[in-house]
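Chemist: Quick one: sequence plus predicted model below, questions after.
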Amino acid sequence: MEVFGLPVTQLYLIVLVVAGLATVLYLFFGDVADGAGEALPFVNPAVILAFLTFLSAGGFILEKTTDLGSVLIMVVAGALAAVLSFLLYFFVLLPLRSAEASTAYTDESLLGEVGRVIVPVPADGFGEVVIETVNGLIPKRAAGYGNSEIAYDKEVLILEIKDGALIVKEYEPFRFPDMK
């Protein structure tokens, strides 16, 4: 079968190459395309490019390996491309969009956290505490609650924040007494 004066297999290959190149360009300049696509949120360029790639690859493979008619091959390849694009969208693209990685934190989010003293806290001065979070270690200036002194490598509980400094108290985790 011929379409636009080209054999259908050649047309599938041309669409496959163009969709592949467009996908590579989308990887590099995707933010621009996403910004332009805000007007039409239901049109996702990644899904459209994936659909065209799946359609052309499926059509080419079916044309070369089966004796089915070209129209039936186009329908089967279209159905296969639709299913694969649907799966790609709902199981890859949506979870990636909602998985927002942020290293930002607020001082208030540190309240109630447990840290470790890395510079001893003197009675009337400041030391340094490091707090371990999922995003890494956060070192902060710290003062003892009630001007208390806290030694190196002690665990501390963050009680409040004053002028950018953490107010901490030595932390002793609750342990159940031995029941015999």
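Modeler: Noted; the coordinates are in hand.
Chemist: show me where this structure has strands.
Modeler: In the chain, strands defined by DSSP state E lie at 2-3, 6-7, 114-119, 127-133, 136-144, 155-162, 165-170, listed in chain order.
Chemist: If you count contacts, what does the helix ranked longest in the chain end up packed against?
Modeler: Taking DSSP state H as the criterion, the chain has its longest helix at helix 8-36. Helix 8-36 is packed against helix 45-65, with contacts defined by 3 or more Cβ pairs under 8 Å, 6 or more residues apart in numbering; DSSP states H and E. Every C-beta, even on glycine, is put in place using the N, C-alpha and C of the backbone.
Chemist: Next, the buried residues of the helix it packs on.
Modeler: By 16 or more other Cβ atoms under 10 Å, the buried positions in helix 45-65 come out as 45-46, 49-60, 62-63.
Chemist: just those residues now: which is nearest M74?
Modeler: Ranked by distance to M74 (Cβ to Cβ), the buried residues of helix 45-65 are led by G59 at 6.2 Å.
Chemist: where in this protein is pLDDT low?
Modeler: In the predicted model, the chain carries pLDDT under 70 at residues 1-5, 33-42, 98-103, 179-180.
Chemist: Kindly state the domain boundaries assigned to this protein.
Modeler: As assigned by automatic domain parsing, the chain contains the domains 2-98, 107-170.
Chemist: okay, those domains in TSV with distance to F176 next?
Modeler: As requested, the domains of the chain are exported to TSV (distance: least, Cβ to Cβ, whole Å):
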stretch	distance to F176
domain 2-98	39
domain 107-170	18
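Chemist: returning to that earlier point: with respect to G115, which of the buried residues of helix 45-65 is nearest?
Modeler: Nearest to G115 among the buried residues of helix 45-65 is A46, at 41.5 Å by Cβ to Cβ.
Chemist: these two touch, right, that closest one and L93?
Modeler: Yes: counting by Cβ atoms under 8 Å, L93 is a contact partner of A46 at 6.1 Å.
Chemist: outside of stretch 69-77, which residues touch it?
Modeler: With contact meaning Cβ atoms under 8 Å, 6 or more residues apart in numbering, stretch 69-77 is reached by 1, 8, 54-56, 58-59, 62-63, 66, 68.
Chemist: Which pair of the residues you listed spans the longest distance?
Modeler: By the measure Cβ to Cβ, M1 and F54 form the most distant pair in the contacts of stretch 69-77, at 20.4 Å.
Chemist: need the contact list for F91.
Modeler: If you count contacts by Cβ under 8 Å, 6+ apart, F91 has none.
Chemist: list the contacts for the spatially closest residue to T23 that is not a sequence neighbour?
Modeler: Using Cβ to Cβ, 6 or more residues apart in numbering and skipping residues adjacent in sequence, the residue nearest T23 is L49, 4.8 Å away. Each residue near L49 by Cβ under 8 Å, 6+ apart is listed here: 19, 22-23, 26.
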